[in-house]
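Asks: Here's a sequence, model it:
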Amino acid sequence: MSNNRRTVSDIKTAVRAKVHSKPRVRGSEFLEMFILEKNKARLEQERAYVEKRQELIDKDLGVIANELDILAASIAETKDVLANKESNKKQRHPKSLKMMKLDY
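Replies: This next block holds a predicted model:
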């Protein structure tokens, strides 16, 4: 093994490597236009997908709302039926309760 230890000061930075920002190459405008048009097309396609997905979500929410209404109506009907049964039971003579005598 070598005795050369690497330290933080050995790391090359942009200043030490004498790297500077590269000037733009003339004629790169066409490349940038191409990239921007591709991004624009991708975003438009994504927007269309999101709109379709939103329509499906709205449709599903409508179906769920209808099912909730049907279930709520069903529960209301069963409550009415149970209330009628209870009122019929109250009109009948209640059974006499058997009492058990406890001696302490």
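Asks: So the spatially most central residue of the chain, which state does it fall into?
Replies: Centroid-nearest residue in the chain, with Cα atoms, centre = their mean: residue 57, separated by 11.4 Å. What DSSP: H, G, I helix; E, B strand; the rest coil gives for residue 57 is helix.
Asks: ok, it to residue 40 distance?
Replies: 26 Å (Cβ to Cβ, to the nearest Å). Bear in mind the C-beta positions are built from the backbone N, C-alpha and C, glycine included.
Asks: Please apply the same query to residue 49.
Replies: 15 Å.
Asks: Show me where this protein has its strands.
Replies: Here the chain has no strands by DSSP state E.
Asks: all helices of the chain, in order?
Replies: Ranges of helices in the chain, per DSSP state H, are 29-91.
Asks: Flag the shaky bits of it, pLDDT-wise.
Replies: Residues of the chain meeting the criterion pLDDT under 70: 1-3, 8, 14-25, 88-95, 104.
Asks: Residue 33 - how many residues pack around it?
Replies: By other Cβ atoms under 10 Å, the residues close to residue 33 number 10.
Asks: ok, now residue 99?
Replies: 6.
Asks: same thing with the one 3 residues further on?
Replies: Neighbour count for residue 102, taken as other Cβ under 10 Å: 5.
Asks: Could you do residue 80 as well?
Replies: Residues lying near residue 80 (other Cβ under 10 Å) number 10.
Asks: Look up how far residue 72 lies from it.
Replies: 13 Å.
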